[in-house]
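*Asks:* dropping a prediction and its sequence here:
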Amino acid sequence: MRITTFLSMFFIVSLVFFSGCEKDDDSDFIPVYLEDFTEYAPVSKSYLASDIKSYFNEAGLSDLSTKAKYDIKVYKIKYKTALEGDSITASGLLAVPVTDDNSHEFPMLSYQHSTMTTNAEAPTSNPLGTVTSMATFVASTGFIVVIPDYIGFGASSNVFHPYMIKKYAVNAVLDMIRASKEFVKKEKPCKFSNKLFLSGYSQGGSATLAALSAIENNTQNSDLKVTASACGAGFYNLNFFRNWMVSQVKYDQPFFFAYLLKSYKLYAGLNIEDTLVYSSNFEPILSDMFNGSRTGNEMNEMFGTRHVGELFNDEFEKDSTDFNADENYAGLRAALADNSVAAWNVASNVTLYYGKEDMTVPNEQSLKLYSEFRVAGATSKVKVDAIDGLNHETAEIPILAKSVIWFTKN
């Protein structure tokens with residue numbers, strides 16, 4: 001959609017401002033993206049390095065425990081980003097290492113979380129959630145950690161989350177990074193070393209790769225430069241994912257495509273009946289499935305089956321050749337293609353992580369992308385790291401831990 005003249009000028013001024021101020025940490029600083037912040041005080045867990053070490057050890061993450069040496073402070077950040085041709089207030093968590101004189105320089109790590117459907121799950125709503133805590137505590141190892149809620153959660157929970165809409169994921173991530181850089185310069189809890197790392201899992205793996213692509217392939221984002229990215233089990237090619245899903249006997253996350261359909265109808269102009277994708281038996285539940293209070297697991301239970309043949313319309317289940325020729329699905333194919341992330345000759349290091357037992361996002365997503373990166377010329381920059389014995393639910397924290405250790409070597 002067309003961005004308003006005001007918002008276009010807003011971004012232009014922002015980019016000029018950032019490029020002009022990056023050289024001098026002591027210059028006067030006027031926030032452009034940053035709106036507001038509140039320090040978060042934990043109720044049941046402290047943010048002392050000793051406690052964080054214990055947390056990592058209890059989670060079996062001894063490599064991180066040995067690197068945890070800083071107390072941390074955590075803030076809830078509100079910032080401006082763009083949605084539907086207008087400006088919107090979004091939010092996220094920011095964790096910073098605490099030092100005696102605030103003069104130490106630290107790299108920044110932006111962590112993009114996996115799929116969620118309720119605001120109660122969002123990082124700023126639940127800072128002590130298992131994955132959010134783990135990502136936040138990484139700040140103790142010497143990173144400024146950024147965790148965006150995404151549009152539709154936290155400060156923007158009044159709008160429906162644009163699930164797997166690539167451009168809005170990119171907006172939320174990049175503008176949170178910019179707002180966090182402003183916060184560090186304005187409040188001076190520490191200094192930013194100008195090294196930026198990206199990491200994410202599942203939906204967040206896709207968002208991470210999309211954000212990296214937007215930085216490296218769009219001069220509008222030349223104010224940002226990434227050192228390395230860790231993409232975990234992402235939905236990188238959505239048409240390829242559909243082909244895989246309908247070829248299975250069962251699929252354990254039947255709510256996923258319903259989430260996509262609602263999002264694409266609202267934000268991608270998709271005009272398709274739910275019953276062209278799902279069996280007509282589910283028409284009564286699909287209309288109000290996403291009421292803001294149900295988790296993905298609760299919505300999965302509403303279907304009462306995981307059998308692909310029972311879940312989906314027979315025409316939707318056709319093989320890729322027949323499906324691609326069916327005009328009834330032309331709009332859906334286009335939306336899936338538009339919101340996938342294509343390979344390019346990357347300028348920074350990328351690792352594609354996944355658990356070998358993952359049957360939610362197939363390993364082929366990462367392997368296909370890896371092959372395409374090599375064809376694009378990124379032979380030395382991209383690698384794959386497959387982890388034994390882990391499925392989609394159990395791999396997120398181990399992959400984040402591995403990515404942090406890898407980042408310390410870049």
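*Replies:* Yes, it's here.

*Asks:* after the longest helix seen in the chain, next one along is what?
*Replies:* Once the chain is assigned using DSSP state H, the helix that runs over the most residues is helix 166-187. Per DSSP states H and E, helix 166-187 leads on to strand 191-201 as the next helix or strand towards the C-terminus.

*Asks:* next, the angle from that following strand to helix 166-187.
*Replies:* For strand 191-201 against helix 166-187, the angle by axes from the mean of the first three to the mean of the last three C-alpha atoms, to 10 degrees is 150 degrees.

*Asks:* what pLDDT, on average, does strand 191-201 get?
*Replies:* The average of the pLDDT scores along strand 191-201 is 97.

*Asks:* got the CA coordinates for it in PDB?
*Replies:* The C-alpha atoms that make up strand 191-201 are tabulated as PDB, following Å, rounded to 0.1, in the frame of the first residue of the first chain:
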ATOM      1  CA  LYS A 191      27.800   1.700  24.500                       C
ATOM      2  CA  PHE A 192      27.000   0.000  21.200                       C
ATOM      3  CA  SER A 193      30.000  -1.600  19.400                       C
ATOM      4  CA  ASN A 194      28.400  -1.300  16.000                       C
ATOM      5  CA  LYS A 195      28.200  -5.100  15.600                       C
ATOM      6  CA  LEU A 196      24.700  -6.300  15.000                       C
ATOM      7  CA  PHE A 197      23.600 -10.000  15.100                       C
ATOM      8  CA  LEU A 198      20.200 -11.400  14.100                       C
ATOM      9  CA  SER A 199      18.700 -14.600  15.500                       C
ATOM     10  CA  GLY A 200      15.200 -16.200  15.300                       C
ATOM     11  CA  TYR A 201      13.200 -19.400  15.300                       C
END
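
*Asks:* which other helices and strands contact the following helix or strand past it?
*Replies:* Proceeding C-terminally, strand 191-201 gives way to helix 203-217 as the next helix or strand, assigned by DSSP H and E. Applying 3 or more C-beta pairs under 8 Å, 6 or more residues apart in numbering; DSSP states H and E, one finds that helix 203-217 makes contact with strand 105-112, helix 166-187, strand 191-201, strand 228-232, strand 349-355. Just so you know, the C-beta spots here come from the backbone N, C-alpha and C atoms, and that holds for glycine as well.

*Asks:* quick one on the thing from earlier: so the longest helix of the chain versus helix 203-217, what angle?
*Replies:* Computed by the same axes, to 10 degrees, the angle between helix 166-187 and helix 203-217 is 80 degrees.

*Asks:* show the pLDDT at residue 4.
*Replies:* For residue 4, the model assigns a pLDDT of 42.

*Asks:* the residue lying closest to residue 310 once chain neighbours are set aside - how many residues pack around it?
*Replies:* With sequence-adjacent residues excluded and distances taken as C-beta to C-beta, 6 or more residues apart in numbering, residue 310 is closest to residue 279, at 6.5 Å. Neighbour count of residue 279, defined by other C-beta atoms under 10 Å: 17.

*Asks:* got the contact list for residue 279?
*Replies:* Contacts for residue 279 were tallied using C-beta atoms under 8 Å, 6 or more residues apart in numbering; they are 310, 311, 312, 313.

*Asks:* state the distance from residue 367 to residue 236.
*Replies:* From residue 367 across to residue 236, the span is 10 Å (C-beta to C-beta, to the nearest Å).

*Asks:* how far away is residue 405 from residue 105?
*Replies:* Applying C-beta to C-beta to residue 405 and residue 105 gives a distance of 20 Å.

*Asks:* scratch that, residue 332 is what I was asking about
*Replies:* The span separating residue 332 from residue 105 equals 47 Å under the rule C-beta to C-beta.

*Asks:* compare these two (neighbour count), which wins?
*Replies:* More neighbours sit around residue 332 than around the other of residue 332 and residue 105, counting by other C-beta under 10 Å; the figures are 25 against 13.

*Asks:* if we can go back for a sec, compare residue 367 and residue 236 and say which is more crowded by neighbours.
*Replies:* Neighbour tally, residue 367 and residue 236, criterion other C-beta under 10 Å: the higher count belongs to residue 236, 24 against 14.

*Asks:* for that one, phi and psi?
*Replies:* As for residue 236, its main-chain torsions (degrees, to the nearest 10) stand at phi -80, psi -40.

*Asks:* and it, what does it touch?
*Replies:* Applying C-beta under 8 Å, 6+ apart to residue 236 gives the contacts 205, 206, 209, 340, 341, 365, 366, 368, 369.

*Asks:* could you list the low-confidence segments of the protein?
*Replies:* Confidence mapping of the chain against pLDDT under 70 gives the ranges 1-30, 43-45.

*Asks:* please parse the protein into its domains.
*Replies:* Here the domain assignment for the chain is 5-236+343-407, 239-338, based on automatic domain parsing.

*Asks:* find the one among those domains with the highest mean neighbour count.
*Replies:* Neighbour counts (mean count of other C-beta atoms under 10 Å) averaged over each of these peak at domain 5-236+343-407, with a mean of 20.

*Asks:* now do the helices in the stretch 201-350 of the chain.
*Replies:* 203-217, 238-246, 255-267, 283-286, 296-303, 308-311, 320-325, 330-338 (DSSP state H, counting those that start in this stretch).

*Asks:* send me the longest one as CSV with only the CA atoms.
*Replies:* By that I understand helix 203-217. What follows is helix 203-217 as a C-alpha-only set of coordinates in CSV (Å, rounded to 0.1, in the frame of the first residue of the first chain):
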residue,chain,number,x,y,z
GLN,A,203,8.3,-17.6,12.3
GLY,A,204,11.2,-15.7,13.8
GLY,A,205,13.6,-17.7,11.6
SER,A,206,11.7,-16.4,8.6
ALA,A,207,11.6,-12.9,10.0
THR,A,208,15.3,-13.0,10.7
LEU,A,209,16.2,-13.9,7.1
ALA,A,210,13.7,-11.4,5.7
ALA,A,211,15.3,-8.6,7.9
LEU,A,212,18.8,-9.6,6.7
SER,A,213,17.6,-9.5,3.1
ALA,A,214,16.0,-6.1,3.6
ILE,A,215,19.3,-4.7,5.1
GLU,A,216,21.6,-6.1,2.5
ASN,A,217,19.4,-5.6,-0.6
